[in-house]
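[1] Provided below are the primary sequence and the corresponding predicted coordinates.
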Amino acid sequence: MEIDFDLIIELQRLDTEIHDATLVLEGIPRLVQDVDKKIKATTKLVADAKDKMAQNQKKRRDLENDVKDLKGGIGKYKRQLNEVKTNKEYTSLLHEIEETQHKVDAIEEQIIAEMLAADDVEQEIQVALRRQSAEEDLLKKEKGVLDEKLKETQARFAALSGERDALLPRIPKEQFRLYEAIFQKKGGTALSPITGDFCAMCHMRVRPQMLNEVRDKTKVILCEACGRILYWPAKPEPVKPEPPAAG
């Protein structure tokens with residue numbers, strides 16, 4: 001049976017492109033997930049900075065409440081000064097007022113420190129917001145490109161699959177079964193052209209008798225080294241010289 005290598009070569013081309021399209025289709029969801037993670041990371045920067053500000057504000061409120069309570073105690077001690085009857089009690093109250101005032105002064109210093117820290121946190125929030133805005137725009141564009149590529153590849157995959165389905169009935173079943181077995185075994189490449197006297201895939205020399213059999217196209221010839229189907233590549237059309245320009 002004469003072998004129509006053009007059909008098998010076309011099948012190999014389609015299968016290779018379908019394989020490549022499949023890899024793209026399998027890889028795009030992971031790329032989209034990576035983009036989503038980056039978007040979440042920029043969002044988290046803002047959220048973390050705002051959470052830091054909330055903690056700062058809570059701490060300041062707690063400190064301010066402590067100052068309020070301590071100053072209330074000082075006021076109570078001062079009122080008691082008018083009621084004491086001995087110098088010892090008077091001196092003791094003065095000491096309590098002084099100690100409490102020291103605590104107030106220390107806490108107020110903490111409040112000032114927290115206010116200064118709040119300024120830094122506010123800057124951190126603004127930087128995070130600017131980064132979020134800039135990066136999200138780029139990342140959303142990247143997602144748009146990936147989405148467009150997904151649609152294009154899906155369309156390409158469907159067209160290639162349709163071409164393959166139309167081609168298969170034209171290939172004898174036994175030839176297709178052999179092709180399919182080699183395709184699976186050899187990682188997606190079942191054919192190998194002959195270049196010179198060599199198999200192009202494994203670079204092993206092909207015996208002269210086998211070369212003649214490949215030329216005859218009367219049966220499928222497998223490379224003795226790599227086991228792929230050998231074929232003669234189509235000769236390129238000769239380049240026609242351009243006519244001389246009119247003088």
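    Structure received. What you are looking at is a predicted structure, and each value in this text was computed from that prediction instead of being measured.
[2] only C-alpha atoms from now on, for both contacts and neighbour counts.
    Fine.
[3] just checking, what packs against the helix or strand bottoming out on mean pLDDT in the chain?
    The helix or strand of the chain with the lowest confidence, counting by mean pLDDT, DSSP states H and E, is helix 208-216 at a mean of 90. Helices and strands touching helix 208-216, by 3 or more C-alpha pairs under 8 Å, 6 or more residues apart in numbering; DSSP states H and E, are strand 229-231.
[4] can you tell me what sits against the strand it packs on?
    5, 179, 190-194, 199, 214-215, 220-223 (C-alpha atoms under 8 Å, 6 or more residues apart in numbering).
[5] does anything pack onto the helix or strand where Val127 lies? Which helices or strands?
    Assessed by DSSP states H and E, Val127 sits inside helix 87-167. Contacts defined by 3+ C-alpha pairs under 8 Å, 6+ apart place helix 87-167 against helix 5-81.
[6] quick one: low-confidence parts of this protein?
    1-2, 235-247 (pLDDT under 70).
[7] domain map for it?
    Domains of the chain are assigned by automatic domain parsing as 15-169, 172-231.
[8] for Ile9, which of these is the nearest?
    domain 172-231 (7.4 Å; C-alpha to C-alpha).
[9] quick check, Leu25 in contact with Ala155.
    No: look at Leu25 against Ala155 with C-alpha atoms under 8 Å: they stay out of range, at 10.9 Å.
[10] of the two, who's got more company?
    Neighbour count, other C-alpha atoms under 10 Å: between Leu25 and Ala155, Leu25 has more, with 17 against 13.
[11] Phe157 versus the closest residue to the more buried one other than its chain neighbours, what's the distance?
    Distances taken as C-alpha to C-alpha, 6 or more residues apart in numbering put Leu150 closest to Leu25, at 6.5 Å, once the chain neighbours are dropped. Using C-alpha to C-alpha, to the nearest Å, Leu150 is found at 10 Å from Phe157.
[12] same deal with Lys186?
    22 Å.
[13] of the two, which one has the most company?
    Ranked by neighbour count (other C-alpha under 10 Å), Lys186 and Phe157 place Phe157 first, with 20 against 14.
[14] re earlier: CA atoms only: put the least confident helix or strand of the chain into PDB for me.
    Taking C-alpha atoms only, helix 208-216 is exported to PDB below (Å, rounded to 0.1, in the frame of the first residue of the first chain):
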ATOM      1  CA  PRO A 208      21.000   2.700   1.800                       C
ATOM      2  CA  GLN A 209      18.300   0.000   1.400                       C
ATOM      3  CA  MET A 210      16.100   1.700   3.800                       C
ATOM      4  CA  LEU A 211      16.600   5.000   2.100                       C
ATOM      5  CA  ASN A 212      15.400   3.500  -1.100                       C
ATOM      6  CA  GLU A 213      12.300   2.100   0.600                       C
ATOM      7  CA  VAL A 214      11.500   5.500   2.100                       C
ATOM      8  CA  ARG A 215      11.800   7.000  -1.400                       C
ATOM      9  CA  ASP A 216       9.400   4.400  -2.800                       C
END
